[in-house]
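[1] Next come a sequence and a model predicted from it.
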Amino acid sequence: MRAPLRGNSWRLLLPAAMLLAVLCLVASAPAKDLEEKLDATQGKLSHVRESQSALAATIAEQNRAIDSMIGEVSALRQRQAAVESELAEKQDELDSATAKLAADKHRLALVRARLQRALGVLRERLVAIYESGSPDMLNVVLDSASWSEVSTRADYLGQVQEYDDSVASRVKGLRDEARAAVKRMTAVRLQIKGARDAIALKEKEVASARAEAEVRFSELKSAQAERRQALESLESREEALSNNLASISEQIASTTGAPAPVTGTPAPLTPGQSANYISESQASVPSEAPAAVAGAIEAANSIATTPYIWGGGHGSFESSGYDCSGAVSFALNGGGFLSSPLDSTGLETWGEPGPGQWITVYANAEHAWMIIAGLAFDTVGGPGPRWHSSPVDSPEGFIARHPPGY
């Protein structure tokens, strides 16, 4: 048994106890400071996110306005292309009419030359008939010494008459042909004038459509830049605060020995959840896919391999072709995830952040594509939206978003 401490022996323990207390305070001080920093950063991050929420209505209104402008610019560009096509048709018509007129002019020159020669022969025959008189059958009989001579002279007289008739007929035919050629040329000249007038009108329409499209496109770019500036300001602040928050969390974990928080990743799809790639224009609907996901796949199937048209699918989901964000918006609308089209920048703030299990949209300021039930739907790798068995684009440089719960 140890003897109890007597007298001033307890004083020997006092410094050790104080040292232990100081060490505890020193050890707990950094953790407390970090926790305070963590709380402050979380508060700032919450404020930024609240600012984003407050800005969401403004962004949504900008998205609607921008999408409408994209649709208008697309319609103007398609109108411009249609007018340019009509202009090309009118130019072809003018070229054809001009070539026809040139051929008719050449033909008329030949006919006129033949007519002049025929008129010369006719003139000579008329002079000869005038000078020698016109023989008749009675004179032939009276002047002939025998029936044989009568027959010979009658045949000769018939040949002369036939020749004279043929000369007269040829002159009349060539004259009528020349008149017809002149009439055709007059009609062709009127056709050429009409074609030139139509071309001049179409050229004005093209210039007007091009100018209107350029003005509207400039307004669109200005609106997009304004929205991008607001988004980038908030996104950069949120990213900085999120990185700071992660760093503080790691410091707390290393100080306290607690595990650092990790970001969860979607569970991999099972065979019943994965869509099968059939072709660029078709993907199968997984047996376990929710109705909304099935609707998105079926909508994507309905527009797969349609032409790529800039602005297609904006302003209205119905279009003869689609661009990248128009195709993604159409598929999302098919699943009931989107009520109006969004451009690629608008898709950066759509839904919830991060990849989803069923649907993930990848978007940046220039492009957008998506993965539905494991298959990529993109406008890259072909002349329009289509399915890919594996992504053509890399997720790097894109913001991943997904519909809540999917």
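    Thanks, I have it. If you're wondering where the values come from, they're calculated on a predicted model, not measured in any experiment. Residues are numbered from 1 along each chain as shown.
[2] Can you name the residues that contact Leu342?
    Residues counted as contacts of Leu342 (Cβ atoms under 8 Å, 6 or more residues apart in numbering) are 63, 67, 325, 329, 350. Just so you know, the C-beta spots here come from the backbone N, C-alpha and C atoms, and that holds for glycine as well.
[3] Closest to Pro268 out of those residues?
    Taking Cβ to Cβ as the measure, Pro268 lies nearest Trp350 of the contacts of Leu342, at 24.2 Å.
[4] How is that closest one assigned, secondary-structure-wise?
    Using DSSP: H, G, I helix; E, B strand; the rest coil, the structure places Trp350 in coil.
[5] what's the closest non-adjacent residue to it?
    Arg401 (5.5 Å; Cβ to Cβ, 6 or more residues apart in numbering).
[6] Pull the distance from the host helix or strand of Leu174 to the chain's centre.
    Element membership for Leu174, per DSSP states H and E: helix 147-256. Taking Cα atoms, centre = their mean, to the nearest Å, one finds helix 147-256 lying 20 Å from the centre of the chain it belongs to.
[7] What strands line up against the next helix or strand after that helix, and which way round?
    Per DSSP H and E, the first helix or strand lying C-terminal to helix 147-256 is strand 277-279. Strand pairing for strand 277-279, determined by DSSP bridges: strand 282-283 (antiparallel).
[8] Any chance you could list what contacts the partner strand?
    Against strand 282-283 from outside (Cβ under 8 Å, 6+ apart): 275-277, 297, 300-301, 304, 372-373, 375, 387.
[9] Throw these into a markdown table and include secondary structure, thanks.
    As requested, the contacts of strand 282-283 are exported to a markdown table (three-state DSSP):
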| residue | secondary structure |
| --- | --- |
| Ala275 | coil |
| Asn276 | coil |
| Tyr277 | strand |
| Ile297 | helix |
| Ala300 | helix |
| Asn301 | helix |
| Ala304 | coil |
| Ile372 | strand |
| Ala373 | coil |
| Leu375 | strand |
| Trp387 | strand |
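[10] Would you mind putting the residues you listed into a markdown table with distance to Lys202, neighbour count and pLDDT alongside?
    Compiled in a markdown table, the contacts of strand 282-283 are given as follows (distance: Cβ to Cβ, whole Å; neighbours: other Cβ atoms under 10 Å; pLDDT from 0 to 100):
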| residue | distance to Lys202 | neighbour count | pLDDT |
| --- | --- | --- | --- |
| Ala275 | 47 | 23 | 92 |
| Asn276 | 49 | 14 | 92 |
| Tyr277 | 45 | 16 | 94 |
| Ile297 | 43 | 27 | 96 |
| Ala300 | 38 | 27 | 96 |
| Asn301 | 39 | 20 | 96 |
| Ala304 | 35 | 21 | 94 |
| Ile372 | 44 | 29 | 95 |
| Ala373 | 48 | 22 | 93 |
| Leu375 | 45 | 22 | 93 |
| Trp387 | 40 | 24 | 95 |
